[in-house]
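S.K.: just the structure for this:
(2 chains)
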Amino acid sequence: MNTDSLSPIILTLVTFVPLAGAMLLLLLPRRARDIRVFALVVSLLTFVLSLHLPVYFRQPSAGFQFEINKPWISAPNIHYHMGIDGISLWLVVLTTFLTPLCVLISWHSVEERVKEFFILLLLLETALIGVFTSLDLFLFYFFWEATLVPMALLIGIFGHEQKVYAAVKFFMYTMIASVFMLAAILWLYAHTGTFDFVAIRDLITSGAIPKFPTAAKWLFLGFFLAFAVKVPLFPFHTWLPDAHVEAPTAGSVLLAAVLLKMGTYGLLRFNLGLFPEQSRQNAWWIMVLAVIGIIYGALVAMVQPNMKKLIAYSSVSHLGFVVLGIFSFTQAGLNGAMFVMLAHGISTGALFMLAGILHERRHTYEISEFGGLASPMPVYAASYLFIVLASIGLPLLNGFIGEFLVLSGAFQARPVYAILGATGVIWSAIYLLWMYQRVFFGKVTNAVNNSLTDLSEVEKWAVWPCAVAALVMGVAPILWLSAIDSAVHSALTPFVHVASRMVGP
Amino acid sequence: MTIQALPALLQALPQDADYTRILPEIVLSLFGMAVMLLEPLLDEEKGQKILGLLALVGALFALAATWCMAQSPGLAFWSMVQVDGFSIFFHVLIIAIAAVVILSSYEYMAVQRIRGGEYYALILFGTVGMTLMSSAVELVLIFIALEISSISSYVLAGFRRNSASSTESSLKYFLLGSFATAFFLYGVALMFGATGATNIGQISHVLQSGPIPLLAYVAVAFMFVGLGFKVAAAPFHIWTPDVYEGAPAPIVGFMSTAPKAAAFAVLLRIVFVIDVHALFWIIWVSAALSMTLGNICALVQDNVKRLLAYSSIAHAGYLLVAFGAAPALGTSAAMFYAASYAAMNLGAFAIVSHFANVGERYVSLEDYEGLSRSSPLLAATLTVFLLSLIGIPMTGGFFAKFYVFSAAIKANLIGLTIIGVLNSGIGAYYYLRIIVMMYMREARKPVPATPPPFALRIALAACMAATLYLGLSPNLVLEYSQDSAQQLVQKNRPESPATTSAALPHRE
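M.R.: Numbers count the residues shown, from 1 in each chain, chains lettered A, B, ... in the order given. Coordinates of the predicted model:
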C-alpha cells in the first residue's frame, strides 16, 4: 500500500483520531484496565499516523505541506485550512510522542474517574495538535480556546491539594489574555475579509490593508499578550508554578512540554509572521523580559523546597531562551529557539514524569523529605541523572544544541543580552544538580525511603523513550534541524526587507 | 373575482392571507383556550399531564402553522403584521422555547405540587404575545402584544403561590414592568406626535424624507427604556435578580429567553428601520453597563438562579453590542445570538429546575458540590451549557459572541468590542465556579439526585443538540438570519447599500 496517498487527509486524521478515541471511550464500560489500554492504543495510533508527516515531508520546500483547505462556514469566511511547515511539523510529533507516555505514566497513578481522565487527555491532544496545524486564524483560535477546558479540568479534578485554585487561575489567566487575540483576529478579518493566515500575511506584506499601519501596533500587542501569558514570559508567569504543582503528572507533562510551546509557536508564527516591523520595534523590551525570565526563573528555581515547583520555574527559565532566540531574528537564533522548544518538551516532560513517580510513592514533592535515594532506587536515579544532564545542556544531549544556537544567534543581534542569557546555563546546572545531590546522594536520611521500589515496567516504558529521544536529538540534531532550517529561513525573509527598509531612506 | 359591486367592502374585510399570516398566533390561542376549558373537566391529579401534553401539541402545531405562514410572506391586517424572514425566525425560536419550557415543566410541576392548567395556558398565551411582537410592524399592535406577553409573565412569575419570594417576584415584576411598558406607550405617543404615524414603515419614510424632529429622538429613547426593561439591559435591570430568584425555575428559563428574544426583535425593527444614530450612544452605554454590571455582580452570587439572572443581564449587553454595528450585520448577529442564548440558557435552567426539588430548596452553589459523582451525565450536560455561556469553541455561545464582536469590529466599535471581550473573559469565572463545584469538590451534604424523567430528557437533548449544532455548523442558521436581516434592512432603507453587504471586505 502506498501510504503517500494518505497525505491529503493525514493532518485531519492525526488531529481527530484522539477525538474519535475520546468519543469511543465515552461508550466504553467503566473498567479501568480496558480504558487504559484503549487510550494507549488510540494515542499510539495517533503517534504512528503522525510519523507519516516527517517521512513524507519534502525537505527543501519552505511552504506549507499536507495542506487541506475546505470552506467550513461561508459567512464569515471561515475555512478548514490546515497545513504544516518545518516549524509546526516537530511540534505535532512532539505532542503525539508524549501523549502515549502520559497514558503510561498515569497507568497506576490515576485510580479514580479513570474514564474521565483519559477522555480529557485525548481531547487535550486533539486541541493541541489542532493549534499547531491550523492555518485559518479562526480555526487556530478555536483550538486555542479548546485546550483550556480539558487542561483546567485535568488540573481541577485530578490535581493535588490546591487544585481548584490552580485550575481557575490557569483558566482565567489564559482566557482573559486570549480575548485580546480574538479582538485582533476580528480586526484583521474585518479589514481583509479572510481568516486565512497565508492570505492575510500576503495582504500585509503587499500593504493592501487600509489603516493597517496605525492599528498594527495594537494588533501586535493583542497577539503578543495572549502568547506571552501562555509562554509564560515574565511577569505573566505566576499561574505556571501553581498549575504545575497542582496538576496530575500527565497534566504537568503536557502543560510543560506542549502547552507552553503554543505560546512560543504563536509568537513565531503570528507575531513574527504577520507583524515583522512591529516585532523589530518591540524586540528590545521583549528580549529584556526574556532575559529577566531566564535569570529570575533560575534564581527562584534554585531556592524552591518543592521539586515540582523547581522544575516549573526551570521552565520559565528555559522558555526565556526560546523567546530570546525568536526575537534575535537570526537564523541561528530561530533554529535554536525551535530546538529548545523540542528539547525542553522532551526533558522537562521526563522530569515531571520522574517527579510524579516519586510523588506516587511518597505523596510529597518536598526535596527535604528525600536523600540518598540512589541506593534504594538505582535505575530511577540513573534515569533521573540522564534527564537532568540533558536538561542542563550537556554536549551530546538535546539541551546543549538548542541553547548554544540561541545564544550564538542572540549574540549576533544583541551581545549584552546573550551574555546575560548565557548565565542561565550556569544557573540551570546549579539548581538541577544541587537538587539531584540533595535527593539522591549520600545516605538515606529518611527511613521511609529505604523501602521505596524502583521503576516499574510501565514507568520504564514511559521514561526511557524520552531518554532515547534526548540522546538522539543531541547526537544527530540535523534530523530535526534540516526541516526547521528552511522554514525558519522563509520566516525570516520579511526581516531582511524590514531591516533594509529601516537602514535605507 | 367577478363580483364588482363589493370591492370596497371586501377590501375592508380581512383576506384569507391575513389569517394565514397570523396562523401560529391563532393556533396557540386556540390551544390555550382548550387547555383552560379542559382543566375543570379533568381529574386534578392526573389531568396535569394531559394538559401539559395538550399545550405541547399546541406548540408543535404552532410550529407547523409557522411553516404555513412562511409560505405567504407579506403584510397582513392593513399593514399591521408583516411576515418576512425576520418574523419567521423569531416565531420558530419563540415557539420552540415554549415547547422546551413545557417539557421541562412536567416534572417540576409535579415535584412542587403546583396544579393549574392555567400554567400551561399562560405559557401559550404569553407565546402569542411574543410571536406577535416579532411580526408586528405597527407600534400600537406591538404595545398590545407586549402587554399580552407581559401579563402572562407576571402571573407565571408568581406561580409558586405558597412561597413568599415568588409572590414578591411577581409583584415586583408587575409594578416595574407596567411602569416600563408605560414608557414604551409614551414613546409610541410621542412618535405619533413627531411623525403622524404609528406604522414603522411609514415612520421610517417620514423620518427619511426630511430633517428628524427632536421629538422623534425622545420617542425612540422612551421606547428603548420600555424595551430595555424587558431585555434586562442596564440600567433597567434592577428587577432581574429578585424576580428570577423567586419565580419558578422553568419560568425563569422562559422569561430569560422568549420575551427577551421578542423584545430584541422589536428593538431591532425600531432601531435599524427607524433610525440608528439617535440611539447609538444610549445603546453603547447600555451595552457596556449591562456587560460590566452583569458580570461583576454575578461574580459574587451564591444562588444559582441569581447568578444566572446576572449572567442574563450580561448576555443582554453582548447582544446590544450588535445594535451598534451595521444594520444587516448587526441584525443577523443579534438574531443568531438570541437563538444560541435561548438554547444554552434554557438547557441550564431546565437542569436547575430539576435539581431545585420541593420548594426549590437546592438552588445554592453549594448544592452543586459533587454533582458529577451523583449524576455524571446531568453534570456533563450542564457543563456543556455553561461552557457555551462562557463562549468556548464547539458551542453555540462561542459563535454567537464571535459574530456579535466581529460585526462590531467591522463597524469600527473597537472600544465596545474590547469591553465586550474583556467581559467575556471575566464572565468565565462565575460559570467556572459552578463547574468547579460539580467536578472538583465533594458533596458535604446529601442532595437528592433523581434521574431526569423522559420529558426533561427530551428537553435537554433538544437544547444540547441546538447548542452543539450552532457551535459546529452554524452555516444554515447564520445564512438564514443574514438573508432575512438583509431583506429587513433593504426593504426599509433602499438607499444604504454600503452597510448591507455582509461579506463586504472593506468598510471605510
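S.K.: residues from chain A in reach of chain B?
M.R.: Residues of chain A lying near chain B by C-beta under 8 Å from any C-beta of the partner chain: A:73-77, A:138, A:141-143, A:145-146, A:148-149, A:152-153, A:156-157, A:163-164, A:167-168, A:171-172, A:175-176, A:178-180, A:182-183, A:186-187, A:189-193, A:210. (Glycine included, C-beta is placed from N, CA and C.)
S.K.: again, only using 7 Å
M.R.: A:73-77, A:142, A:145-146, A:149, A:153, A:156-157, A:163-164, A:167-168, A:171-172, A:175-176, A:179, A:182-183, A:186-187, A:189-193, A:210 (C-beta under 7 Å from any C-beta of the partner chain).
S.K.: in strands, which of those residues fall?
M.R.: With DSSP state E as the criterion, strands contain A:I73 from among these.
S.K.: just the buried residues of the residues of chain A next to chain B.
M.R.: Buried members of those, counted by 16 or more other C-beta atoms under 10 Å in any protein chain shown: A:73, A:75-77, A:142, A:145-146, A:149, A:153, A:156-157, A:163-164, A:167-168, A:171-172, A:175-176, A:179, A:182-183, A:186-187, A:189-193.
S.K.: the spatially closest residue to B:K401 that is not a sequence neighbour: what's it in contact with?
M.R.: Sequence neighbours aside, B:G391 is the residue nearest to B:K401 in space, at 4.5 Å (criterion: C-beta to C-beta, 6 or more residues apart in numbering or on different chains). The contact partners of B:G391, by C-beta atoms under 7 Å, 6 or more residues apart in numbering or on different chains, come to B:G397, B:F398, B:K401, B:S424.
S.K.: 10 Å instead?
M.R.: Shown in contact with B:G391 (C-beta atoms under 10 Å, 6 or more residues apart in numbering or on different chains): A:145, A:175, A:179, A:182, B:318, B:340, B:397-402, B:405, B:421, B:424-425, B:427-428, B:431.
S.K.: how about B:A339?
M.R.: B:89-90, B:92-93, B:96-97, B:257, B:261, B:396, B:400, B:466, B:470, B:474, B:477-478, B:480-481.
S.K.: can we see that at 8 Å?
M.R.: B:F89, B:L93, B:A261, B:G396, B:A400, B:A466, B:L470, B:V477, B:S481 (C-beta atoms under 8 Å, 6 or more residues apart in numbering or on different chains).
S.K.: mind listing which of those are in strands?
M.R.: Using DSSP E, none of the contacts of B:A339 sit in strands.
S.K.: in JSON lines: those, plus pLDDT, distance to A:A127 and neighbour count.
M.R.: Putting these into JSON lines (pLDDT from 0 to 100; distance: C-beta to C-beta, whole Å; neighbours: other C-beta atoms under 10 Å in any protein chain shown) gives the following:
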{"residue": "B:F89", "pLDDT": "93", "distance to A:A127": "33", "neighbour count": "26"}
{"residue": "B:L93", "pLDDT": "95", "distance to A:A127": "31", "neighbour count": "24"}
{"residue": "B:A261", "pLDDT": "93", "distance to A:A127": "32", "neighbour count": "27"}
{"residue": "B:G396", "pLDDT": "91", "distance to A:A127": "19", "neighbour count": "29"}
{"residue": "B:A400", "pLDDT": "92", "distance to A:A127": "21", "neighbour count": "30"}
{"residue": "B:A466", "pLDDT": "94", "distance to A:A127": "23", "neighbour count": "22"}
{"residue": "B:L470", "pLDDT": "92", "distance to A:A127": "20", "neighbour count": "24"}
{"residue": "B:V477", "pLDDT": "89", "distance to A:A127": "25", "neighbour count": "21"}
{"residue": "B:S481", "pLDDT": "89", "distance to A:A127": "29", "neighbour count": "26"}
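S.K.: what's the closest of these to B:E25?
M.R.: B:L93 (14.9 Å; C-beta to C-beta).
S.K.: thought the closest one was touching B:S340?
M.R.: No: under the criterion of C-beta atoms under 8 Å, B:L93 makes no contact with B:S340, lying 10.3 Å away.
S.K.: and stretch A:225-235, how far from the chain's centre?
M.R.: 13 Å (C-alpha atoms, centre = their mean, to the nearest Å).
S.K.: could you check the pLDDT of the residue lying closest to B:S256 once chain neighbours are set aside?
M.R.: Closest residue in space to B:S256, ignoring its immediate chain neighbours: B:S312 at 4.5 Å, by C-beta to C-beta, 6+ apart. Note on B:S312: pLDDT of 93.
S.K.: next: the one 5 residues further on.
M.R.: pLDDT recorded at B:G317 is 93.
S.K.: pretty sure it sits against B:W284.
M.R.: No: using C-beta under 8 Å, B:G317 makes no contact with B:W284, being 10.8 Å away.
S.K.: ok, those two, which is more surrounded?
M.R.: B:G317 (28 against 18; other C-beta atoms under 10 Å in any protein chain shown).
S.K.: strands of the chain, residue ranges please.
M.R.: If you meant another chain, say so; for now it's chain A. A:65-73, A:78-84.
S.K.: other chain: chain B
M.R.: Going by DSSP E, chain B shows strands at B:74-76, B:81-83.
S.K.: residue in the stretch 251-400 of chain A nearest to chain B?
M.R.: Nearest residue of the stretch 251-400 of chain A to chain B: A:G251, at 13.4 Å (C-beta to the nearest C-beta).
S.K.: quick one: residues contacting B:E118.
M.R.: Here B:E118 is in contact with B:V35, B:M36, B:E39, B:V155 (C-beta under 8 Å, 6+ apart).
S.K.: in stretch B:475-488, what's buried?
M.R.: B:V477, B:L478, B:Y480, B:S481, B:Q482, B:D483, B:S484, B:A485, B:Q486, B:Q487, B:L488.
S.K.: touching, the third one and B:F89? I think so.
M.R.: Pointing back at B:Y480 there. Yes: using C-beta under 8 Å, B:Y480 is in contact with B:F89, at 6.6 Å.
S.K.: re earlier: apart from its chain neighbours, what residue comes closest to the residue of the stretch 251-400 of chain A closest to chain B?
M.R.: Closest to A:G251 by C-beta to C-beta, 6+ apart is A:L154, at 4.2 Å.
S.K.: repeat for B:L488
M.R.: B:L488 sits nearest to B:F86 (C-beta to C-beta, 6+ apart), 4.7 Å away.
S.K.: confidence score at the one you found?
M.R.: Reported pLDDT for B:F86: 90.
S.K.: got it, and A:L268?
M.R.: Taking A:L268 on its own, its pLDDT is 91.
S.K.: ok, now A:K261?
M.R.: 91.
S.K.: that one: how many residues sit nearby?
M.R.: There are 28 residues near A:K261, going by other C-beta under 10 Å.
S.K.: ditto for A:A429
M.R.: Residues near A:A429, counting by other C-beta under 10 Å: 17.
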